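Peer 1: the sequence and its predicted three-dimensional model are supplied below.
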Amino acid sequence: MPPVPQGKNAFHRPKNMRRTFARTFACFKAYHFQLVLVLIGIVLSAGANVAGTYMLKPIIDDYIVPWIGNADPDFSGLIGQLAIMFAIYTIGMGGTYLYNRLMISISTGTLLDLRKQLFTHMQKLPIRYFDTRTHGEIMSTYTNDIDAMREMLSQGIPQFISSAISIVGTFLMMVVLSPLLTLVALAMLAVMLLITSSIARRSGRYFKARQDSLSQVNGYIEEMIEGQKVVKVFCHEKAVNSAFSGLNETLTENTVTANTWASLMGPIMNNLGHVTYALTAAAGGLMAVGGLINLGSIASFLEYTRKFAMPISQLSQQMNNVMGALAGAERIFDLIDEPIEEDDGDVTMVNAIRNAQGTLEECAQHTGIWAWKVPSETEESGYALIEVRGDVRFHDVTFSYDGEKTVLKNVSLYAKPGQKIAFVGSTGAGKTTITNLINRFYDVQEGEITYDGIPIMRIKKDALRGSLAMVLQDTHLFTGTVRENIRYGKLDATDAEVEAAAKLANAHFFISHLPQGYDTVLTADGANLSQGQRQLIAIARAAVADPPVLILDEATSSIDTRTEAHIERGMDQLMKGRTVFVIAHRLSTVRNSNAIMVLEHGEIIERGDHDDLIAQKGKYYQLYTGMFELS
Amino acid sequence: MLKKLFPFLKGYGVSSILASLTVICEVLLEVYIPYLMADIINIGIANGDVDFIIRRGLLMIGMACLSLAMGALSARFAVVASAGFAKNLRAGLFERVQGFSFANVDKFSTASLITRLTTDITNVQQSFMMIVRTLVRAPIMLVAATIMAIRLNAELATVFAFAIPILGIFLIAIGTRAFPRFKAMLKRYDGMNAQVQEDLIAIRVVKAFVREKHEDARFTASAEAVREAQIKAERLLVWNMPVSQYILYLCMIAVCYIGGHLIVAGDMLTGDLMSFISYITQILSSLMMLSMMFVMLVLTRASAARIVEVLSEKNAITDDDADASLSVPDGSIEFRDVCFSYSNDPSNLTLSHINLKIKRGETIGIIGGTGSAKSSLVQLIPRLYDVLSGSVLVGGHDVREYKIKALRDSVSMVLQKNVLFSGTIRDNLRWGDENASDAEIEAACRAAAAHDFITAFPAGYETDLGQGGVNVSGGQKQRLCIARALLKRPKIIILDDSTSAVDTATDAAIRKALREELVGTTTIIIAQRITSVMDADRIIVMHDGQIEDVGTHEELVERNEIYREVYESQQKGVA
């Protein structure tokens, strides 16, 4: 996983605070009832804390001090007060447990919902979204941003509320106990707030520098570890180490500056609390001498000054966390709001059966015949059935990825059912783009592509892609067994079908030699297989899907020519009766195509079958003979 | 685990100790303040002594300010120490990974190494800061406040003799039970993220097969598993807070009860009771700090374990016993009964009993099917991996006799999966020779058929490649890699399928240039295309980890079935 700079949320603020906040809150809508309970729990917990402390005053003033020196004291009053205190604390403890326990359900549930929403939505995003972002960027939404949310939900928000209640409650009690002493506490509060905000401003400034050098260091680490084998081959370890050392040094300097400010906050707030405590004790003492206050009130008040300082420093810390989490939430919502793939097609694909009259009829079970179900007003049934045959045509297609650089220019071509059409050309000539357009990973800007006479824009994407199978140059296998990976092409394929497909792709032999055969578990990137073996599995995966149209994008490029020759029969078998688009570097792969298109700079410069093109003595001829130039 | 990490404190040990010492001073001052407060009540108020109250008040404020200074200093020291520790650790780990052999890198995946160097180090850094401050602060606070409480009134302090052990046992019991649950949760969490990653990488496959719903279901299952594990872990931990609070509150009640009796009987002063209650609050807050740090430490333990795993990884290849004065005399190569296995398992051999002699200056082609161990064979020459048995000789000496740098400087290898680095084309080429002149660079690029396309870029040799060389095509990248390898002026050059993305005409031009420029350099070319090797002095046909045949093109076409099949598979259709 490409790493994402840690703590990037620190001191980042959401762009639209109010909207994000409202939306974050809306995430809880399934938990409104529990949230009310949480609130009650917090009120009980914080309230008990405040009330329990107040009890010190009557206990000391009314039930202890009056009996001092009395030979026969009556402690029943004290016991009664302590019983009340016990009751208060027991309720408080219940409240604390209740809200913490409920918050677990709420936060994990909310996160689960968010994760599911994120993932489901992400699946629907157009390929363009993935092509224009790094994996690390998207992953960071799942890790950093969700983590920040988790922290906020399970700790931030409850603590925030609890701190707020404590502060208000404590303040009220302080006023009740002694308005004069409260003034002392308030003056100190003002000092605390001033210091907090000035520190926050300062550290915000330095955090930016820290984040920048952190991403530099992490970027360097990423690049060098990915190229580590090259570093070794060139014995460049020393040079790399010393370059790294410089970056590391800068990072450390910036970290020290930024973190110093941030971590000063804790001790300052804590000790200002002690100053307040000292001031209160002294002021209270003086007032007591003057008869303005009694001992019990001072006792309670002193406890309150402590209770006052703690939530304030917590509040200032939580503020940053909540801000960071909201910034993360905003990124999560941005992803969820990202427009999904446009799919306004109304043509679907159904199983069909040919009736006695030779016309098609829709049916439920798998028949091997597929039909496009096209809504039609002229038909009695409301739709027409057109057999899926694999007739693909490009009419004057022009396409550009970014609206500036034209990748395909006025491309027209046709592939009749069962034909094999090959694309040849150098990197960047637009070969892969053609396949991207057929399955609508991207949409054409000018011109039209038709499939069995139906414009592909009218076909539902699921149906369109279901009728095509692709084997890509970079074979991506999934964690799971070999069997599961092949079955990915057709989820309800039987074991026999899977094996048949593997045999077709000439993969059966090596699979059965794996330690656990078809049940061998592949690691994330299929690292325990060679590139060629992975491609064979990918071909088997396409074979089991059994679609009318097959797209092979450099599908055999990692298989040596001899093995390729061996699987040729299997491939021929696989291609039989299907329309096939082949992209290949290796000309031997495309030789037996019905038509070969030579692409250059987005245009088809030559077309024809192998013999035609050889006879034309053009680019293809040059490429082809270049292969044996030296012989 | 700690023993492994400890040395990385080097240079920051003093800061760490100072951070702990200052935090201890802070705690002691903090703890002393309530003690002084008792005097205000007991002496000042009781005697109506305003002077005394003011003096004690000022003393308390002074102590609080001193405590603030100590706290601030401790924060600073802790930051310096933790940042320095992280710096050392990062550098140490990075250096360690740079020192890894290929076998070590294969064992950890690239991605996991990166995570260890970034996220894990940041986690450890944060925890370290916590450890030198909070983890010192909380227990000292606990002990000091307890001692002060005992000094105030030993009888009253017996309450703690019951409360603290009970609380301690409770916290430990919860902690030890929660730890495995958190570990389980983290594992599932990693699994879930791995799945997202996998889906992202394979998004084209997912979409092409219309498997969005299938993926959704898989993701939902793992996200739910994460939730379940998280609930299971946190459900336990959630008891920490209310129970520790409750126990301390019960202490408070007990103290009020017993204290009330003591005061009434004249055995204790009211002020002492009030201070005592302050100490209960301090003890409470230190205990809560400890339990809050628990989760953090669990997370860090996992990170630290991952770092230590890299640190304790034994380097598979070392050259400690090598002769530093030995340099590679010439480019001859010999394999003597070489067996090799990636897993070091004699029953799972990748190469078995290879015997081969290559003379200096010879050009050798290697042909073989996917998985026939062509790459494995040549990777033994620059000692990227070590043999299981037998020996590989370069220039007449076993490769293990040379210092690795001496060996690899003489053996240039262009890897199958090659990488360019961010920076200009010239920067990248200089990897081959830091001091290469412009003319030398240009010559190497001409030989690798790269000069023309480089000069076609607006910035020429100064073109910025971007990370991973994203600004050049596959074929261009391969040619730059060859040029880079040529600049080393090696005695042996190995091209491992290095021209697969280059068109055949350019491929031929490169080989022609190599033949002319590298007279006396042993050249080994692994290729899929017969044309790439057919003009070699000798061609080796590899099959299933063994040498099937060695000979010239003509000989092999004549007698070797595999070679002939490969040849025919590529030639078919050429009339």
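Peer 2: Arrived safely. Numbering: from 1, shown residues only, chains lettered A, B, ... in the order given.
Peer 1: nearest residue to residue 499 in space, please, no chain neighbours.
Peer 2: Using chain A. The shortest distance from residue A:499 to any non-neighbouring residue, by C-beta to C-beta, 6 or more residues apart in numbering or on different chains, is to residue A:508 (6.4 Å). Any C-beta I mention is one placed from the backbone N, CA and C, and that applies to glycine too.
Peer 1: wrong one, chain B
Peer 2: residue B:507 (4.5 Å).
Peer 1: neighbours around residue A:544, how many?
Peer 2: Residue A:544: 24 surrounding residues under other C-beta atoms under 10 Å in any protein chain shown.
Peer 1: nope, residue B:23 is what I was after
Peer 2: With other C-beta under 10 Å as criterion, residue B:23 counts 27.
Peer 1: residue B:267 too?
Peer 2: Per other C-beta under 10 Å, the neighbour tally for residue B:267 reads 13.
Peer 1: the host helix or strand of residue A:278 - contacts with which helices or strands?
Peer 2: In the assignment (DSSP states H and E), residue A:278 maps to helix A:237-289. Secondary-structure packing of helix A:237-289 (3 or more C-beta pairs under 8 Å, 6 or more residues apart in numbering or on different chains; DSSP states H and E): helix A:179-226, helix A:295-337, helix B:13-39, helix B:50-99.
Peer 1: make CSV out of those and add mean pLDDT and distance to residue A:378.
Peer 2: Below are these laid out as CSV (pLDDT from 0 to 100; distance: least, C-beta to C-beta, whole Å):
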stretch, mean pLDDT, distance to residue A:378
helix A:179-226, 83, 59
helix A:295-337, 81, 40
helix B:13-39, 89, 84
helix B:50-99, 90, 69
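Peer 1: can you redo those helices as TSV with distance to residue A:278?
Peer 2: Conversion of these to TSV gives the following (distance: least, C-beta to C-beta, whole Å):
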stretch	distance to residue A:278
helix A:179-226	10
helix A:295-337	9
helix B:13-39	6
helix B:50-99	3
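Peer 1: what residues of stretch A:238-256 count as buried?
Peer 2: Of all the residues in stretch A:238-256, those buried under the rule 16 or more other C-beta atoms under 10 Å in any protein chain shown are A:240, A:241, A:244, A:247, A:248, A:251, A:252, A:254, A:255, A:256.
Peer 1: please apply the same query to stretch A:184-196.
Peer 2: Quick answer for stretch A:184-196 (16+ other C-beta under 10 Å): A:184, A:185, A:188, A:189, A:192, A:195, A:196.
Peer 1: that older thread, OK, contacts around the residue nearest to residue B:499?
Peer 2: Counting by C-beta atoms under 8 Å, 6 or more residues apart in numbering or on different chains, residue B:507 touches B:499, B:529, B:531, B:532.
Peer 1: burial count for residue B:348?
Peer 2: Neighbours of residue B:348 using other C-beta under 10 Å come to 10.
Peer 1: show the pLDDT at it.
Peer 2: Residue B:348 is assigned 77 on the pLDDT scale.
Peer 1: the nearest residue to it once chain neighbours are set aside: neighbour count?
Peer 2: Excluding the flanking residues, the one nearest residue B:348 by C-beta to C-beta, 6+ apart is residue B:341, at 5.5 Å. By the criterion of other C-beta under 10 Å, residue B:341 has 19 neighbours.
Peer 1: now residue B:341, what are its backbone angles?
Peer 2: phi -140, psi 130 (degrees, to the nearest 10).
Peer 1: I'd assumed residue B:380 was in contact with it.
Peer 2: No - using C-beta atoms under 8 Å as the test, residue B:341 is too far from residue B:380 to be in contact (11.8 Å).
Peer 1: joint contacts of the two?
Peer 2: Residues touching both residue B:341 and residue B:380 (C-beta under 8 Å, 6+ apart) are residue B:351.
Peer 1: before we move on, back to that, surely the residue nearest to residue A:499 and residue A:502 touch.
Peer 2: Yes - using C-beta under 8 Å, residue A:508 is in contact with residue A:502, at 4.3 Å.
Peer 1: among the contacts of residue B:507, name the ones in helices.
Peer 2: Residues of the contacts of residue B:507 located in helices (DSSP state H): B:531, B:532.
Peer 1: where in the chain is pLDDT low?
Peer 2: With no chain named, the answer covers chain A. In the predicted model of chain A, residues A:1-13, A:316-317, A:320, A:427-428, A:523-528, A:557-558, A:566, A:569, A:585, A:625-631 satisfy pLDDT under 70.
Peer 1: wait, I meant chain B there
Peer 2: In chain B (pLDDT under 70), the answer is B:295, B:299, B:466-471, B:572-575.
Peer 1: can you pull out the strands in the stretch 351-500 of chain B?
Peer 2: Using DSSP state E, counting those that start in this stretch, the strands of the stretch 351-500 of chain B run over B:351-358, B:363-368, B:389-394, B:397-398, B:411-414, B:492-496.
Peer 1: what's the angle from the second one to strand B:492-496?
Peer 2: Per axes from the mean of the first three to the mean of the last three C-alpha atoms, to 10 degrees, the angle that strand B:363-368 makes with strand B:492-496 is 30 degrees.
Peer 1: now the residue nearest to residue B:499: which helix or strand?
Peer 2: Going by DSSP H and E, residue B:507 is in helix B:504-517.
Peer 1: which ones are touching the residue nearest the centre of chain A?
Peer 2: Nearest residue to the geometric centre of chain A (C-alpha atoms, centre = their mean): residue A:142, 3.5 Å. Shown in contact with residue A:142 (C-beta under 8 Å, 6+ apart): A:115, A:118, B:193, B:196.
Peer 1: hmm, which two among the buried residues of stretch A:238-256 are most spread apart?
Peer 2: Maximum pairwise distance in the buried residues of stretch A:238-256, criterion C-beta to C-beta, is 24.7 Å, between A:240 and A:256.
Peer 1: show me what counts as buried in stretch A:82-97.
Peer 2: A:82, A:85, A:88, A:89, A:91, A:92, A:93, A:94, A:95, A:96, A:97.
Peer 1: which ones are touching the second one?
Peer 2: Translated: residue A:85. So residue A:85 contacts A:52, A:55, A:59, B:249, B:252, B:253, B:256 (C-beta under 8 Å, 6+ apart).
Peer 1: show me the contacts for the closest residue to residue A:547 other than its chain neighbours.
Peer 2: The shortest distance from residue A:547 to any non-neighbouring residue, by C-beta to C-beta, 6+ apart, is to residue A:469 (4.3 Å). By C-beta under 8 Å, 6+ apart, residue A:469 lies in contact with A:489, A:542, A:543, A:545, A:546, A:547, A:549, A:550, A:551, B:208, B:209.
Peer 1: check which helix or strand covers residue A:469.
Peer 2: strand A:468-471.
Peer 1: ok, then the element right after that strand?
Peer 2: Taking DSSP H and E, what comes next after strand A:468-471 is strand A:480-481.
Peer 1: other SSEs contacting that next one?
Peer 2: Judged by 3+ C-beta pairs under 8 Å, 6+ apart, the packing partners of strand A:480-481 are strand A:521-522.
Peer 1: which strands and helices sit next to the helix or strand following the strand it packs on?
Peer 2: Remark: after strand A:521-522, the chain's next helix or strand is helix A:531-545, criterion DSSP H and E. Counting contacts by 3+ C-beta pairs under 8 Å, 6+ apart, helix A:531-545 packs against strand A:468-471, helix A:482-487, helix A:495-504, helix A:508-512, helix A:561-575.
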